[in-house]
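1. Mind looking at a prediction? Sequence and model below.
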Amino acid sequence: MTQATRLLPPSDGMDPTYRKILWRLIPFLFVCYLFNYLDRVNVGFAKLQMLGDLGMSETVYGLGAGIFFIGYLACGVPGNLILQRIGARRWVAIMMVSWGLLSTCLMFVRTPTGFYILRLLTGAAEAGFFPGIVLYLTRWFPRAQHGRVIAMFMSAIPVSGVLGGPLSGWILSHFSAGQGSLAGWQWMFLLQGLPTVLLGICVWFLLSDGVQQATWLDAQEKQALTRALADDEARKPAGTSTSLSALVGNPAVWLLGTVYFCIQSGVYAISFWLPSIIQGSGVTDPNRIGLMSAIPYLAAAVLMVRMGRSADRRWHLVIPLLVGAAGLCIAASVTDNLGLALFIQHDLGHDGCGQWLATVLAADQRFSQRRRGRRWAGADQFHRPGRRLRQPVPGGLDQGHHVQHRAGAVRAGRGNGARRRAGTAGAGAGGEPVMRPYKRVSP
């Protein structure tokens, strides 16, 4: 039985339609998000050559990596509101073409100022993509399936590590001779940025703004889907709030934001600095660095989808985060075996921390569809100042992976306490728990 078949409740008569939607939307959006994440973090590989070629310091790189999130913070919520106004097809296409061109333009960087400006603008261009796609997917599937559908979409993050690491390493190595008067890191920005532009153009032709605009659904399917989603929206628990003020005043939302802040402190330290960590251990060949950085992500790609199937249960969220914090702490103390450190860091640390999404999705059912876009964008912005302030620290200290691992472990461990509290905090006017027992659908 396929993942798509297991995903859907067998009693609502909508299985064929939901499967059709799943296979129409998720693979394409998966590829789009893969390049979104790759364009965001590929500076970690470019750093291996770029800093020496341009005479930049580690601190300059750290500031450039982190300044991305200032633009992200400023434009996240406005971008999501624009998506709701003009439609997903137009806005996602505009965003992807914009950040693809900006990411490509990093190949022309010559000064720290130029590096900062392009990273800032790239963050602004990418800001509305993730929360916008999450909102978009909630308009096609019932609330009970959101966690599983979005976990499949988000598995693009570890897959980008599996594919992006070896690809980046190969580009840096293959073009190291300066073909076309361009350095290897310049070719990397060019070859990884242009596909995003092409995908953005494809979005214009392949994505539908909503159910009624989907030419690949027949009239009967549209009618049945519209009715099923309306019934699902009408079954929201009593006391569900629809006001933005109730959202802002909801302590559970702030707790979940704190969880996200703590987790991403560790995750992005890994994403931006892993190639440098491997290089610092004595591995100098970019091909080997790319391959070594990819191996741990294989497990993450599988576990993110697998854990997403049970992510609506409280302890299924708490335990992975505990494991993640433990993995980061253990990896910090493994100094004589790089392979073992990478395995522990990612397969325990990264995979465990990756379960933050399900906690937010569990609370997501408390809000109307109209407010989910703002709530998702707001939650996604909460941790951005932490990312911005954190990235210069490893560069300024230049202490290898020990500083990064330990800082991430401390924050992830603190996030676990907030997550447990969020599991019992009231999420709406009804004062009911965020987490509820969920009746599992048997395969």
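-> That came in fine, so what should we check first?
2. What does Pro286 show for phi and psi?
-> phi -60, psi -30 (degrees, to the nearest 10).
3. Equivalent analysis for Val283, please.
-> Torsion angles, degrees, to the nearest 10, at Val283: phi -90, psi 120.
4. Test my guess that it contacts Met292.
-> Yes - between Val283 and Met292 there is a contact at 6.6 Å, judged by CB atoms under 8 Å. For the C-beta atoms, the positions are set from N, CA and C on the backbone; glycine is no exception.
5. Looking at those two, which has the bigger crowd around it?
-> Using other CB atoms under 10 Å as the criterion, Val283 and Met292 rank with Met292 on top: 22 against 17.
6. what about that one, helix or strand, and which?
-> helix 286-308 (DSSP states H and E).
7. Send over that helix as PDB, restricted to the C-alpha atoms.
-> Coordinates of each C-alpha in helix 286-308 appear next as PDB, following Å, rounded to 0.1, in the frame of the first residue of the first chain:
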ATOM      1  CA  PRO A 286      35.300  19.400  -2.300                       C
ATOM      2  CA  ASN A 287      34.000  16.100  -3.700                       C
ATOM      3  CA  ARG A 288      34.700  14.300  -0.500                       C
ATOM      4  CA  ILE A 289      33.300  17.100   1.600                       C
ATOM      5  CA  GLY A 290      30.100  17.000  -0.400                       C
ATOM      6  CA  LEU A 291      29.700  13.300  -0.100                       C
ATOM      7  CA  MET A 292      30.400  13.200   3.600                       C
ATOM      8  CA  SER A 293      27.900  16.000   4.200                       C
ATOM      9  CA  ALA A 294      25.200  14.100   2.400                       C
ATOM     10  CA  ILE A 295      25.400  10.700   4.100                       C
ATOM     11  CA  PRO A 296      23.600  11.700   7.400                       C
ATOM     12  CA  TYR A 297      20.700  13.400   5.500                       C
ATOM     13  CA  LEU A 298      19.700  10.000   4.100                       C
ATOM     14  CA  ALA A 299      18.200   9.000   7.400                       C
ATOM     15  CA  ALA A 300      16.700  12.400   7.900                       C
ATOM     16  CA  ALA A 301      14.800  12.100   4.600                       C
ATOM     17  CA  VAL A 302      13.200   8.900   5.700                       C
ATOM     18  CA  LEU A 303      12.500   9.700   9.300                       C
ATOM     19  CA  MET A 304      10.900  13.100   8.600                       C
ATOM     20  CA  VAL A 305       8.100  11.400   6.600                       C
ATOM     21  CA  ARG A 306       7.900   8.400   9.000                       C
ATOM     22  CA  MET A 307       7.700  10.500  12.100                       C
ATOM     23  CA  GLY A 308       5.200  12.900  10.500                       C
END
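8. Which secondary structure elements does that helix sit against?
-> Helix 286-308 sits against helix 43-54, helix 146-154, helix 156-174, helix 251-280, helix 338-343, helix 351-353, helix 356-364, with contacts defined as 3 or more CB pairs under 8 Å, 6 or more residues apart in numbering; DSSP states H and E.
9. I'd like to know which of the ones you listed is closest to Leu73.
-> Across the helices and strands packed on helix 286-308, Leu73 has its closest neighbour in helix 251-280 (12.2 Å, CB to CB).
10. For that closest one, buried residues please.
-> 252-279 (16 or more other CB atoms under 10 Å).
11. just stretch 170-177 next, same as before
-> For stretch 170-177, the neighbour count (16+ other CB under 10 Å) marks Trp170, Ile171, Leu172, Ser173, Phe175 as buried.
12. The fourth one contacts Ile289, correct?
-> No - in this structure Ser173 lies outside contact range of Ile289 using CB under 8 Å: 9.2 Å.
13. Now for the two: what residues contact both?
-> Residues touching both Ser173 and Ile289 (CB atoms under 8 Å, 6 or more residues apart in numbering): none.
14. What's the mean pLDDT across the helix holding Met292?
-> Helix 286-308 carries an average pLDDT of 78.
15. angle of it against helix 156-174?
-> On the basis of axes from the mean of the first three to the mean of the last three CA atoms, to 10 degrees, helix 286-308 is oriented at 170 degrees to helix 156-174.
16. now helix 286-308 against helix 43-54, angle please.
-> Using the same axes, to 10 degrees: helix 286-308 against helix 43-54 is 160 degrees.
17. tell me the angle of helix 286-308 relative to helix 146-154?
-> Going by the same axes, to 10 degrees, helix 286-308 makes 170 degrees with helix 146-154.
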